[in-house]
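Undergrad: next one to model:
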Amino acid sequence: MKKILCIGAHPDDIEIGCGGVIKKYTELGAEVYFLIGTLGGEVILNGNNWDTIEQQRKDESFKSAKLLGAIDVIYLELKDTFIRHDGETVRKVENYINQICPDTIFTHTKDDNHQDHKNLALSVISASRRQKVNILHYESPSTAQTFFPKVYADITETIDDKIKAIHVFETQMEKVYVNPEVIRGLAQYRGFNSNYRLAEAFDISKYFI
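TA: Next comes the predicted model:
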């Protein structure tokens, strides 16, 4: 059975980057796990304390992952906006790679303007240096113009599942990139690039045939 590890710096990163293809994989019976670096700090408290928001973000993550068919959501408990490409982060990521033994990893691209995304991508590459595992890099709203995708996934049949999963994150509804029209717009653009109707796009670090 195929095992997939999806790694994101913040809640909703995975869903935005590869939610459509993950739903396709789980429908085919793959085991999918989510590994999230930090709960994220850029939230509106609305009179609530951080403990309340922290629990809400965890609840959102588990509910969203369940909609996409993932088995579990794991947190690295790193500090938002301070994720580093260093020995500590690499060891934490490597520990879960060794536990799960995935065939494929989906994570951020290093061509990203957000330091958490970039440093986590670099840490994943370092953490998997001894592993025979495919590594594909998804795009995010902060991905740099230098991102050059080489792999495309047809998500025509799973775009609605992707949008539903993203919209579980009620704490993020003020962000423009969670607008369904924006999500579909990017999927249409990547579909145009790849001759699919709707698609997600990925770069590659390692791929074994």
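Undergrad: where are the low-confidence patches of this structure?
TA: 41-52 (pLDDT under 70).
Undergrad: now do the strands in it.
TA: 3-8, 31-36, 72-75, 104-108, 134-138, 151-154, 199-206 (DSSP state E).
Undergrad: any chance of the ones you listed in a markdown table, plus distance to Gly20?
TA: Yep, even glycine has a C-beta here, placed from its N, CA and C like the rest. Listed next are those as a markdown table, based on distance: least, CB to CB, whole Å:
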| stretch | distance to Gly20 |
| --- | --- |
| strand 3-8 | 12 |
| strand 31-36 | 13 |
| strand 72-75 | 18 |
| strand 104-108 | 11 |
| strand 134-138 | 10 |
| strand 151-154 | 7 |
| strand 199-206 | 5 |
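Undergrad: which residues does stretch 87-99 contact?
TA: Identification of contacts with stretch 87-99 by CB atoms under 8 Å, 6 or more residues apart in numbering yields 5, 7, 33, 35, 37, 74, 76, 78, 83, 105, 119-120, 123-124, 126-128, 131, 133.
Undergrad: give the buried subset of those residues as a ChimeraX selection command.
TA: Applying 16 or more other CB atoms under 10 Å to the contacts of stretch 87-99, the buried members can be selected in ChimeraX as follows:
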select :5,7,33,35,37,76,78,83,105,119,120,123,124,126,127,128,133
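Undergrad: list the contacts of Asp116.
TA: Counting by CB under 8 Å, 6+ apart, Asp116 has contacts Ala9, His10, Gly37, Thr38, Asp80, Thr81, Phe82, Ile83.
Undergrad: I figured the fifth one hits Thr38, correct?
TA: Yes - between Asp80 and Thr38 there is a contact at 4.4 Å, judged by CB atoms under 8 Å.
Undergrad: which neighbours do the two have in common?
TA: Joint contacts of Asp80 and Thr38 (CB under 8 Å, 6+ apart) are His10, Asp116.
Undergrad: can you pick out the residue with more neighbours from these two?
TA: Thr38 (21 against 15; other CB atoms under 10 Å).
Undergrad: phi and psi next, for the more buried one.
TA: When read as degrees, to the nearest 10, the backbone of Thr38 gives phi -150, psi 160.
Undergrad: what residues are up against the closest residue to Pro141 other than its chain neighbours?
TA: Residue nearest to Pro141 in three dimensions, not counting chain neighbours: Tyr177, with 4.1 Å by CB to CB, 6 or more residues apart in numbering. With contacts defined as CB under 8 Å, 6+ apart, Tyr177 is in contact with Ile16, Pro141, Ile183.
Undergrad: show me the residues you listed that map onto helices.
TA: Cross-referencing the contacts of Tyr177 against helices under DSSP state H gives Ile16, Ile183.
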